[in-house]
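Asks: below are the sequence and a predicted model; questions follow.
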Amino acid sequence: MIARWLLLPRGAAHAVLFGWALVAACQAQPASAQQMCAADLNGNGDAADAGEMAYCTITSSGQYQCPLEETACVAAPSGDYSCPLGSQFACLPKNGGATCSPHACAD
């Protein structure tokens with residue numbers, strides 16, 4: 001029954017339109033870029049082993065942060081936060097307190 005319907009010119013046109021409608025309906029919202037980070041955690045010269053690549057998380061300020069070796073920042077008496085890994089790493093606000101990571105995120 002369906003095969004006969006598809007053989008008719010009008011049926012084939014409906015099948016094509018239905019296919020396009022199905023494809024359009026299945027497409028979700030426009031894709032947003034997900035940032036990733038990588039680090040050679042075991043020192044073997046590459047960052048391709050298990051646990052050495054991760055998707056970056058979005059902080060409450062809207063910035064991306066790498067979860068690899070993520071460290072809690074230390075609060076100073078002035079209320080500012082500093083990263084114990086070094087002042088070159090930014091402390092970013094997250095649920096539960098500010099954190100920093102020595103690894104950068106990339107598109």
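Replies: Noted; the coordinates are in hand. Residues are numbered from 1 along each chain as shown.
Asks: show me where pLDDT drops low in the chain?
Replies: By pLDDT under 70, the weakly predicted segments of the chain are 1-33.
Asks: for it, what spans make up the helices?
Replies: Assignment of helices within the chain using DSSP state H yields the ranges 2-7, 9-26.
Asks: which residues in the protein form strands?
Replies: 36-38, 53-55, 57-58, 64-65, 71-72, 74-75, 81-82, 99-100 (DSSP state E).
Asks: quick one, what contacts residue 65?
Replies: Residue 65 makes contacts with 56-59, 92, 94, 99-101, 105, as judged by C-beta atoms under 8 Å, 6 or more residues apart in numbering. To be clear about C-beta, it is placed using only N, CA and C from the backbone, and glycine gets the same treatment.
Asks: the same query, at a cut-off of 6 Å, please.
Replies: 57, 59, 92, 101 (C-beta atoms under 6 Å, 6 or more residues apart in numbering).
Asks: farthest-separated two in those residues?
Replies: 59 and 101 (10.6 Å; C-beta to C-beta).
Asks: those two: who's more crowded?
Replies: Neighbour count, other C-beta atoms under 10 Å: between residue 59 and residue 101, residue 101 has more, with 24 against 17.
Asks: what separation do you get for the more buried one and residue 53?
Replies: Separation of residue 101 from residue 53 (C-beta to C-beta, to the nearest Å): 14 Å.
Asks: thanks a lot, see you next time.
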